[in-house]
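Student: One predicted model, sequence on top.
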Amino acid sequence: MSGLMSSVSKDLGPYIFDGTVLFCVKDIGDELDLSTKRSFDDQVVRVTLKKVGEVMPQDHNFMQILNILVRRVMAKMNLVLIGRNFFDNNMQVVAQIPQHRIEVWPGYVTSVRNYEHDLLMNCEITHKVLRTDTAYDLLKKARDQSGGRNMKELALKELLGQVVMTKYNNNTYRIDDIDFSSNPANFTFELGREKKKVTLAEYYKDKYQITIRDLNQPLLVSNPKKTDLRRGQRDPARLIPELSFLTGLTDEMRANFGLMKDVGNFTRVTPQRRFESMMKFSQRFRSICQANAEFEPWGLKLADVPIQFKGRTLGAEKIVLGGETCDYALHEADWSRGMRNKKFISAPVLNKWLVIYPRNVEGEVREFVSNILRVGPGNGFRIGEPKFFPINDDRPGSFINEIGLRSPMGPDLMMFCMPRQKADVYSAIKKEVCVSKPCASQVVCGKAYRVKGLSVATKVMIQMCAKLGGEPWGVQIPLKDAMVVGFDSWHDSSQKKGVGGFVASLNQNFTSYYSTAVFHTRNEEITTCMEACFVKALRAYQGKNGSVPKKIFFYRDGVGSGDIAYVKNTELKAIQQVVQKIDPAIQVCFTVVSKRINTRILAVNGQYGNPPPSTIVDDVVTVPERYDYFLISQSVRQGTVSPTSYNIIEDATNFKASIHQRLSYKLCHLYYNWQGTVRVPAPCQYAHKIAFIVGESIHREPSEALAERLWYL
C-alpha cells in the first residue's frame, strides 16, 4: 500500500502514511479518487481518499506527525536505526576500545512536544555499546569450558536473554533459545512468491554476499516481538551465531574498573562537549531539511541554537548535628569533612556485636575493626570491643553455620568480612540475618576493609549507627505532624516477580523510617501491596507519635511518563481510600519522581557547564498539563549532571510550589549511605535500596522485626 501511495504523491503533496491513515497539508476536499499501476504486474488500481478530520496543534496526532517528520529527517542523515533510536556508525566517530573488544556508537534520542510556551524538540546524546565478539565466540568458550560435557546447559546460561545485533541489517534481537538440532546448512525456508526452498547458508550468500564459515554451528532463536506479531509474523527468527554480535555489558564487565573507566571516557560527556555535539547535530539536521524540503511544507523550522531560560538556586542547607550545625560548599554538596569529630543527632551504644570472617584474613579484619572503634567516639557513637569468630573458608555454608552458632548470643549487630565479592555468599548471609534469624548486619568486602586510612571505616561506622536506629545527621524541617513516603519497584530475577520497596518516616525530622518490601506478579497487585504497607506505616507512626500524621508527602519512583495516568487512577486512589478509612482530615500530596529522563540542563557562563546543586527549573521546559518541575540536587565530577523530574499529580496540602520544591531538596540530604546530596529524596532512595536487595539477594520478604531499622543500607 505504501508503494501505491508514493506513486500518487504528486497529486497529494507532502504526506505521511502509516498504513491506514494518511496525513497531508493539502486540502483534498471531502473525497479524492486517484488511479495508478502496480509495479510488478501493471494492474490499474483505484485509490479513494476520504477526509475524516483536521489535526489541530493540541491533538495527540499532531505530535505524532511531528515526531515522524523528525525521524524521517534523521533516517536521511546516514544514521542507523537500532531499536527506537538512531546511531552513527561512521568509523570517524565510533569509539574503538580494542583491549576490551568493544565499540561505542554515539546516537541521539529525540522527541517533539508542546512545552510551557512553545513547541520544542528535546534532543539527547546516547551511546550504544557493541562488542566485537559474537555469539559464536561464546559458544566456543562454553564448549572449551565444559570439555564437551554439559556444553548445551552452559551455552544456554551464557546466551539466553542476551541482545545481539546483526550488522548486515542493523537489527537487534533477544535470544530466547538455541536450536542445537539445526544449522545453516540444513535449516530451510520458502523464499519469494515462487516459494523456493533455500538454506540459511544459501540465503546469506545470495542476499548479503556473506559466506558462512562454520556450517555446523547451531542456530539462535528469537521469538517475534509485539510489533512483529501485529505485522503478522508468527514464526521465530533463526540467527547465525557468527553473524550475531553481542551488545551491552555483562555484570563481570561492569565489575572491571579499567573497562568501565575506558567506556566512561566516551559516554560521560562534559557539558561543553555536549553543546558542541548538539550544534553539529542541529547543523546536519537543518541541512537535510533544506536539501529535501522536509520541514518547510509543514510550516516548521528548527532553531539555530538551543533554547535559553532562567532557573534559580535554593542554596546550601544547614546540616543539623547533635547540638550544632555544619555547612558545606554548594558546588561540592558534600559535608564529610564538616562532620569530623562532631556528634551525631543520636547514636546508640553498641557493646554486643560480633565479627565473622575467614581465618586467613584475620590481621586485615582486626585492623579495620580497630579503625571503626577509633572513628566512632568522635561522632558520639560509643562502640565496644566485638567478639571475633574466624571460620575456615568463605563458602556460603561456613558463614551460615557460624550464624546458627552465634545467633543465640543475641548480638545487636553481626559484621561479616568477605575477602572477595561473591553474590552467592552475600545472598546466603542476608537471607539468614534478614529472614530466618533477624539481626542488624554489616557485610564488608576485602576491597573495602583493605583500604588504608579512616575514610571507609567512617562510612561503615555511619551505616552501623543508622542500622541500629541512630540519626547521624538531619536538616531543618519546619513542617510538623507530617510523614514522607517513598515507593520504588525492582524485578526479582530468580522468581520472575516484581518487588515493591515501601519506606515511610516515623518522626518529625524524617530521619527514622518504617521499611518493608513485598512481592507482586502483576501491576494490579502493586496497588494492593502498597495499600497494606501504607496501613502498617500509619500504625507504626501512630505508635511512635500518639496520632496519625496530618500531612503525607508520597514520592513514587520508577514510573514512566506513559504510566502516570494509571498510577493516578489506581495507586493514588488506593492511598486516598486508606486515608478516608483512618482519618479523612489527612492531606495527601502525591508526586511522581523520574530519574530516567532525556532532559539535560546546562549553565551558560561563557562556556557551558553544570548548574550548581539546588537548581530549580519550573518554566519553559515543563509541560502545561502538569504541575511539574526539575531539580538538580547532586554534584558530579565527571560528565553532565542529570536533573530529576518531579510531577505532582495530586496535592491536598495547597502549599505553594516553592514549599514542595524546598522539601524535595531537603530530603535529598538525608540518605545515610552518602555524606552528600543524592539525585532523589531519601525515601525514594531507601525504597530503591530495599527493593533491590530483596529482589537481587534475599528473594523473600524480610522479617517484620527489622521494619523500623534501616537494615538494608
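Tutor: Nice, I can see it. Residues are numbered from 1 along each chain as shown.
Student: Regarding the chain, what is its longest strand?
Tutor: Secondary structure of the chain per DSSP state E: the longest strand is strand 119-134.
Student: Can you give the distance from it to the centre of its chain?
Tutor: 15 Å (CA atoms, centre = their mean, to the nearest Å).
Student: All the strands of the stretch 201-350 of the chain, in order from the start?
Tutor: All strands of the stretch 201-350 of the chain, identified by DSSP state E, counting those that start in this stretch, fall at 219-222, 237-239, 244-247, 312-313, 319-320, 325-326, 349-350.
Student: Report the strands that pair with the first one, each with its relative direction.
Tutor: Okay, so that is strand 219-222. Sheet pairing of strand 219-222 (DSSP bridges) gives strand 177-179 (antiparallel), strand 237-239 (antiparallel).
Student: And the third one, by the same measure?
Tutor: Each strand paired with strand 244-247, and its direction, by DSSP bridges: strand 119-134 (antiparallel), strand 163-166 (antiparallel).
Student: most packed of these?
Tutor: Greatest average neighbour count among those goes to strand 163-166 (a mean of 20), per mean count of other CB atoms under 10 Å. (Glycine included, C-beta is placed from N, CA and C.)
Student: That one: how far from the chain's middle?
Tutor: Worked out by CA atoms, centre = their mean, strand 163-166 lies 21 Å from the chain centre.
Student: Now the helix or strand following it: buried residues?
Tutor: Beyond strand 163-166 on the C-terminal side, the first helix or strand identified by DSSP states H and E is strand 171-174. The neighbour-count check on strand 171-174 (16 or more other CB atoms under 10 Å) flags 172, 173 as buried.
Student: let's number from 494 now, not from 1
Tutor: Understood, numbering begins at 494; the last thing we discussed is strand 664-667.
Student: just checking, what packs against strand 664-667?
Tutor: Judged by 3 or more CB pairs under 8 Å, 6 or more residues apart in numbering; DSSP states H and E, the packing partners of strand 664-667 are strand 656-659, strand 712-715.
Student: Tell me which of those strands sits nearest to residue 1028.
Tutor: strand 656-659 (41.1 Å; CB to CB).
Student: Tell me, how many residues neighbour residue 1107?
Tutor: Residues contacting residue 1107 under the criterion other CB atoms under 10 Å number 22.
Student: Which residue comes closest to it once chain neighbours are left out?
Tutor: Distances taken as CB to CB, 6 or more residues apart in numbering put residue 807 closest to residue 1107, at 4.1 Å, once the chain neighbours are dropped.
Student: So what would you say the end-to-end distance of stretch 910-918 is?
Tutor: Counting by CA to CA, to the nearest Å, you get 11 Å between the two ends of stretch 910-918.
Student: do stretch 785-799 as well
Tutor: OK, stretch 785-799 end separation, CA to CA: 23 Å.
Student: Equivalent analysis for stretch 731-744, please.
Tutor: Start-to-end, stretch 731-744 (CA to CA) is 27 Å.
Student: So which bits of that stretch are buried?
Tutor: 731, 732, 733, 734, 735, 736, 737, 738, 739, 740, 742.
Student: Kindly reformat those as JSON lines containing pLDDT and distance to residue 1159.
Tutor: Listed next are these as JSON lines, based on pLDDT from 0 to 100; distance: CB to CB, whole Å:
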{"residue": "731", "pLDDT": "91", "distance to residue 1159": "56"}
{"residue": "732", "pLDDT": "93", "distance to residue 1159": "52"}
{"residue": "733", "pLDDT": "94", "distance to residue 1159": "56"}
{"residue": "734", "pLDDT": "94", "distance to residue 1159": "54"}
{"residue": "735", "pLDDT": "94", "distance to residue 1159": "56"}
{"residue": "736", "pLDDT": "94", "distance to residue 1159": "54"}
{"residue": "737", "pLDDT": "93", "distance to residue 1159": "50"}
{"residue": "738", "pLDDT": "93", "distance to residue 1159": "47"}
{"residue": "739", "pLDDT": "91", "distance to residue 1159": "44"}
{"residue": "740", "pLDDT": "89", "distance to residue 1159": "41"}
{"residue": "742", "pLDDT": "85", "distance to residue 1159": "35"}
